[in-house]
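1. 3D model of this:
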Amino acid sequence: MRLEHFHYIVEIARCKSMSKASKKLFITQPSLSTAIQSLEAELGFPIFKRSASGVALTDKGESMLRIAEEIVFQLEQIKELSDPDNASIVNINIAAVPVFCNALMMDLIQQLQRDYPFINLNVLELRPCKILPALIAGTADIAIGCYQPSTKQQILQEANKNGYAIEPVFHDKMICFLPRNHPLARADKVSFPELKSCGIPGALYNDHVLMDSLECITTSDAPETEIGNNAFSFTDRSSIKKAVSKGLAFATLPRLMAYDDIYVTSGMIIPVALADANLQLTMFLAYPARGNLSHASTVTLDAIRILFQKISDLFAQQDRNKKEAEMKTLNNQFLVY
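-> Residues are numbered from 1 along each chain as shown. Sure thing, here's the model as predicted:
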């Protein structure tokens, strides 16, 4: 029995496929199959059940996996303790929805480069419906997804069935992005009827990567006719914001997409709350539920949690400041009368 055998067991269990695991382990499939067969012969019991659809752990294999995960975890910690400044580069494959990639991915990469330079992030920007399949297939090690109230239960069930934990980390809502010179941009809130008759069309995402991010918080809660007439559709994020900045359209997007956005910070686009919609979006982390995560995955997840807490605190402070300003205005009006 060799140490690499424990890595093999962990990866095959994650991928549920010899061929997929061999690619992640950078060895040929026949070599991996031979190594596992030799290990099973040495142990005297099968670790995996083979079938046309892939591989699955046997009962004893489940116990073996827990031991293997612990050993792999401890080995990674020993490597970093021995020489943290020159630790081997660790690749983390992270699947993330477009909302996160647009708003926070650069912040995450910057934070990891500063604090954990041995971590190399491979980012997969995927539709929300593709996030869990990427984990289950072994394409991603950890993931950042999103759900709305109507899809929450389905996602939780799918994750639980396949051995993944779902951790909600941020609750977002849809807001309206308006051109700075539009009359509605001065309002505290706007309604869908107002947007429908605002004189400019809505700008919508229309590509297979981004559409689900908006579908999961618009189509089920707001009739299409309420979003606007003669809507533009775009296939990238910069175009939709540019259209709004030039006064060609408005857009309904998650509030998170206003964070550190050049169009918003420069005042070219004005974010305005939606008055008559309770369009909620929950961002979540997804990762293996059992056993130990690698140290690199653990610190990456912690860094993501810190980022979301930072945004939550920022938005909460903005909301408090807005309420205080509204109260001050009301008090001044009362004093005048």
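
2. in the stretch 101-250 of the chain, where is pLDDT below threshold?
-> Residue ranges of the stretch 101-250 of the chain with pLDDT under 70: 205-231, 235.

3. show me where it has helices.
-> 105-115, 128-136, 149-161, 192-196, 211-215, 237-245 (DSSP state H, counting those that start in this stretch).

4. could you dump those to a markdown table with distance to residue 4 and mean neighbour count?
-> Any C-beta I mention is one placed from the backbone N, CA and C, and that applies to glycine too. Output for those, formatted as a markdown table (distance: least, CB to CB, whole Å; neighbours: other CB atoms under 10 Å):
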| stretch | distance to residue 4 | mean neighbour count |
| --- | --- | --- |
| helix 105-115 | 26 | 15 |
| helix 128-136 | 23 | 21 |
| helix 149-161 | 29 | 14 |
| helix 192-196 | 58 | 17 |
| helix 211-215 | 39 | 20 |
| helix 237-245 | 42 | 19 |
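
5. figure out which of these is closest to residue 324.
-> Nearest of those to residue 324, taken as CB to CB: helix 192-196 at 25.7 Å.

6. how far off centre is that closest one?
-> 30 Å (CA atoms, centre = their mean, to the nearest Å).

7. repeat for stretch 171-185
-> Chain-centre distance of stretch 171-185: 23 Å, with CA atoms, centre = their mean.

8. buried sites along it?
-> The neighbour-count check on stretch 171-185 (16 or more other CB atoms under 10 Å) flags 172-179, 182, 184-185 as buried.

9. could I get the helices of the stretch 101-250 of the chain as CSV with distance to residue 263?
-> CSV is the format used below for these (distance: least, CB to CB, whole Å):
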stretch, distance to residue 263
helix 105-115, 16
helix 128-136, 24
helix 149-161, 29
helix 192-196, 19
helix 211-215, 18
helix 237-245, 5
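
10. select, out of those helices, the one closest to residue 1.
-> Per CB to CB, nearest to residue 1 of the helices of the stretch 101-250 of the chain: helix 128-136, 28.4 Å.

11. what sits up against the closest one?
-> Contacts to helix 128-136, defined as CB atoms under 8 Å, 6 or more residues apart in numbering, come from residues 16, 95-97, 124, 126, 140-147, 155, 158-159, 162, 164, 212-213, 216, 286-287.

12. hmm, residue 175 and residue 252 touching each other?
-> Yes: counting by CB atoms under 8 Å, residue 252 does reach residue 175; the two are 7.2 Å apart.

13. quickly list what's touching both of these two.
-> residue 274.

14. now intersect the contacts of helix 128-136 with the strands, please.
-> Within the contacts of helix 128-136, residues falling in strands by DSSP state E are 95-96, 124, 142-147, 164, 286-287.

15. closest to residue 239 among the residues you listed?
-> Once CB to CB is applied, the member of the ones in strands among the contacts of helix 128-136 that ends up nearest residue 239 is residue 96, at 20.8 Å.

16. nearest residue to that closest one other than its sequence neighbours?
-> With CB to CB, 6 or more residues apart in numbering as the criterion, residue 96 has its nearest non-adjacent residue at 4.2 Å, and that residue is residue 144.

17. would you map the strands across this protein?
-> Under DSSP E, the chain gives strands at 48-51, 54-57, 90-96, 119-125, 142-147, 164-179, 189-190, 203-205, 232-234, 251-254, 269-274, 280-288.

18. the fifth one pairs with which strands, parallel or anti?
-> Looking at strand 142-147 with DSSP bridges, its paired strands and their directions are strand 90-96 (parallel), strand 280-288 (antiparallel).

19. do you know which of those strands lies nearest residue 49?
-> strand 280-288 (19.7 Å).

20. turn the strands of the chain into TSV, columns for distance to residue 241.
-> Formatted as TSV, the strands of the chain follow (distance: least, CB to CB, whole Å):
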stretch	distance to residue 241
strand 48-51	48
strand 54-57	42
strand 90-96	19
strand 119-125	17
strand 142-147	20
strand 164-179	7
strand 189-190	18
strand 203-205	9
strand 232-234	9
strand 251-254	8
strand 269-274	6
strand 280-288	18
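
21. those: which one's closest to residue 312?
-> strand 164-179 (6.3 Å).

22. now do the closest one: distance to the chain's middle.
-> 10 Å.

23. who does that strand pair up with?
-> When DSSP bridges is applied, strand 164-179 pairs with strand 251-254 (antiparallel), strand 269-274 (antiparallel), strand 280-288 (antiparallel).

24. can you tell me which of the ones you listed is most buried?
-> Compared across the strands paired with strand 164-179, strand 251-254 shows the largest average neighbour count, a mean of 26 (mean count of other CB atoms under 10 Å).

25. now find how far off-centre it is within its chain.
-> 17 Å.

26. swap in stretch 243-252?
-> From the chain centre to the centre of stretch 243-252 is a distance of 26 Å (CA atoms, centre = their mean).

27. ok, and what's touching it?
-> 174-182, 184, 195, 198, 200-204, 214, 218, 227-228, 231-232, 234, 240-241, 263, 268-269, 274, 279.

28. redo that, cut-off 7 Å
-> Outside stretch 243-252, the residues that touch it by CB atoms under 7 Å, 6 or more residues apart in numbering are 174, 176-179, 181-182, 195, 198, 200-203, 218, 227-228, 232, 240, 263, 268-269, 274.

29. any idea how far the residue nearest to residue 96 lies from residue 183?
-> 37 Å (CB to CB, to the nearest Å).
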